[in-house]
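Student: give me a model of this one.
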Amino acid sequence: MPAAERIADPSREDAGLLRFLTCGSVDDGKSTLIGRLLLDTRSILADALTAIERTSRRRGLERVDLSLLTDGLQAEREQGITIDVAYRYFSTGRRKYIIADAPGHEQYTRNMVTAASTADLAIILVDARKGLLTQTRRHSTLAHLVGIPELVVAVNKMDLVGFSREVFDRIAAEYRDFAGRLGLREVRFVPMSALDGDMVVERGDRLGWYEGPTLLEILEAAPASGARPEERFRFPVQWVCRPHTAEHHDFRGYMGRVESGRIAPGDRVVVLPSGSVSRVRRVEVQGEARAEAVSQQSVTLLLEDDVDVGRGDLLVKLGEEPVPTRELTATVCWLGEAPLTRARRYLVRHATREVRAVLADVAHRLDVNTSEELPAEELAMNDIGRVTFRLAQPICPDPYVENRATGAFIVVDEATNDTVGAGMIG
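Tutor: Here you go, the predicted structure:
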């Protein structure tokens, strides 16, 4: 069945939402790739397509310039506006997608890290004529650092190298060598021409030697957004619900989102950091009882015992408790204009919990171009480093590689209330 017919088929099973990141050096064809995905999945409105066709003709082009679909973001950057990550949305007959179009310049490292932190997959574009560049290695390092589980290297502009298998194999071999040194284990490779559409949505007829999936087929098969239900149960409490009505005068529900795992009535839970133990009496979704709740669901939990639970506490299953700590060591990307120093006071926001913090140590700063660890006393804007904070109250984190929700935190400047850092624990 042709790709266009598969996309339009409403009977196909929904594979869930996929968030993915596109990154690459200047002129690698990132904007054209996004435009090609939107066009070939029928996600461009007719008036928008007519407008870019008209603009393309006015510029003397023989074909539609698909990169015009993201020109608005480029214009913003040229004007110095600080909105540096654009999000695009499209869907097929199988699933919905959110594309994070990340900036590639070094001064936008903080923006790429922010976009990558929620991505389930990253597409790293490589120009077939140029091979691996410094930006390729930078983006791969950042994608690995923030724990993106799926990585696809798209060797683009194959039409400009005669669709040469030798060129593709050479770039793939060079990247595998780099990936091995970086610690990347699973990387997919796909040759393509975003300009002509070969191996993006349709296979085309000029890459017959490549027997792997198209880019869209890789996206369609990738694991969906959200933690897996078999992971350990983590429920940060956002709000304690007490209606104070005659009908519900004894009602006390703990509201929040299940960040990972599953929970059902009868399960024994521990309240952290206090360590109180109780049992789940009822699971509600919008006031209706449910047999269980799974990851990414917003629910209300009612417990059998009258234990002390408040916003910022973490409910976990008995026997699956993380260890509370007042000393937090993590990899931090610094976002603030003022550097991270011992002289300032900060707030650490971990899940729904907020605690005061001070900088205890900077172990090193990472050179994302070379992966070299450099000595440092502080972190400047866009720096990434290994740091330790001392906390006024305990938090209960998981390693980031095990749970991206409870393994991450943000740093807030206590004086300005600005978000100035993003951290990954472990």
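Student: which helices and strands sit right next to the helix ranked longest in the chain?
Tutor: Using DSSP state H to define each element, the chain has its longest helix at helix 165-182. When contacts are defined as 3 or more Cβ pairs under 8 Å, 6 or more residues apart in numbering; DSSP states H and E, helix 165-182 packs onto helix 134-145, strand 150-156, strand 187-191. For every residue, glycine as well, the C-beta is placed using N, CA and C.
Student: and Q296, what's its pLDDT?
Tutor: With respect to pLDDT, Q296 has a value of 88.
Student: number of nearby residues for it?
Tutor: Counted by other Cβ atoms under 10 Å, the residues lying close to Q296 total 17.
Student: what is the neighbour count of the closest residue to D198 other than its chain neighbours?
Tutor: Distance criterion Cβ to Cβ, 6 or more residues apart in numbering; nearest residue to D198, sequence neighbours excluded, is G204 at 3.4 Å. G204: 19 surrounding residues under other Cβ under 10 Å.
Student: and the one 10 residues further on, by the same measure?
Tutor: T214 is surrounded by 21 other residues when neighbours are defined as other Cβ under 10 Å.
Student: grab the nearest non-local neighbour of it.
Tutor: Per Cβ to Cβ, 6+ apart, closest to T214 is M199, 5.0 Å.
Student: which residues does the one you found contact?
Tutor: By Cβ atoms under 8 Å, 6 or more residues apart in numbering, the contact set of M199 is V190, P191, M192, S193, L207, Y210, T214, L215.
Student: try V283
Tutor: Here V283 is in contact with I263, A264, P265, A289, R290, A291, E292, A293, V299, T300, L301, L302 (criterion: Cβ under 8 Å, 6+ apart).
Student: correct me, but the fifth one touches S298?
Tutor: Translated: R290. No. Counting by Cβ atoms under 8 Å, R290 stays clear of S298, with 11.7 Å between them.
Student: the more surrounded of the two?
Tutor: Per other Cβ under 10 Å, whichever of R290 and S298 has more neighbours is R290, with 17 against 12.
Student: and the more buried one, how far from R311?
Tutor: 23 Å (Cβ to Cβ, to the nearest Å).
Student: buried stuff in stretch 41-48?
Tutor: Neighbour counts using 16 or more other Cβ atoms under 10 Å place T41, S43, I44 of stretch 41-48 among the buried residues.
Student: give the contact list for A154.
Tutor: L33, I123, I124, L125, V126, V190, M192, L215.
Student: and which of those residues is nearest G180?
Tutor: Of all the contacts of A154, G180 sits closest to I124, with 15.8 Å by Cβ to Cβ.
Student: who's in contact with whichever strand or helix holds the closest one?
Tutor: According to DSSP states H and E, I124 maps onto strand 121-127. Strand 121-127 is touched from outside by 18-25, 27-30, 33, 116, 132-133, 136, 139-140, 143, 148-157, 171, 175, 215, 219, 222, with contacts defined as Cβ under 8 Å, 6+ apart.
Student: and the least confident of the buried residues of stretch 41-48?
Tutor: Ranking the buried residues of stretch 41-48 by pLDDT, I44 lands last with 76.
Student: below-threshold pLDDT in the stretch 1-150 of the chain: ranges please.
Tutor: 1-14, 45-46, 62, 65-85, 103-108 (pLDDT under 70).
Student: at which residues are the helices of it located?
Tutor: 3-8, 30-40, 46-58, 71-78, 109-116, 134-145 (DSSP state H, counting those that start in this stretch).
Student: rebuild those helices as a markdown table, extending it with distance to E337.
Tutor: Shown next, in a markdown table, are these (distance: least, Cβ to Cβ, whole Å):
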| stretch | distance to E337 |
| --- | --- |
| helix 3-8 | 44 |
| helix 30-40 | 27 |
| helix 46-58 | 37 |
| helix 71-78 | 18 |
| helix 109-116 | 10 |
| helix 134-145 | 20 |
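Student: can you list the domains in this structure?
Tutor: 3-221, 234-317, 325-425 (automatic domain parsing).
Student: mind listing what the strand ranked longest in the chain pairs with, with the direction of each?
Tutor: Assignment by DSSP state E gives strand 353-367 as the longest strand of the chain. Applying DSSP bridges, strand 353-367 is found paired with strand 346-350 (antiparallel), strand 372-374 (antiparallel), strand 384-395 (antiparallel).
Student: in terms of mean pLDDT, which of the ones you listed ranks lowest?
Tutor: Among the strands paired with strand 353-367, strand 372-374 scores lowest, at a mean of 92.
Student: output the contacts of V283 in a markdown table; the columns should cover pLDDT.
Tutor: Output for the contacts of V283, formatted as a markdown table (pLDDT from 0 to 100):
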| residue | pLDDT |
| --- | --- |
| I263 | 97 |
| A264 | 97 |
| P265 | 97 |
| A289 | 94 |
| R290 | 96 |
| A291 | 96 |
| E292 | 95 |
| A293 | 95 |
| V299 | 97 |
| T300 | 96 |
| L301 | 97 |
| L302 | 96 |
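Student: which PyMOL command selects the buried ones in the residues you listed?
Tutor: Buried residues within these, by 16+ other Cβ under 10 Å, are selected in PyMOL with:
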select buried, resi 263+265+290+293+299+300+301+302
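Student: strands - which of the contacts of V283 land there?
Tutor: Going by DSSP E, the strands hold I263, A289, A293, V299, T300, L301, L302 from the contacts of V283.
Student: mind putting those residues in TSV, distance to R404 included?
Tutor: As requested, the ones in strands among the contacts of V283 are exported to TSV (distance: Cβ to Cβ, whole Å):
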residue	distance to R404
I263	19
A289	30
A293	19
V299	20
T300	24
L301	22
L302	28
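Student: closest one of these to R58?
Tutor: V299 (53.6 Å).
Student: so what's the closest residue to the closest one other than its chain neighbours bridging to?
Tutor: Closest residue to V299 apart from its sequence neighbours, by Cβ to Cβ, 6+ apart: A293 at 4.4 Å. Using DSSP bridges, the beta-bridge partners of A293 come out as I263.
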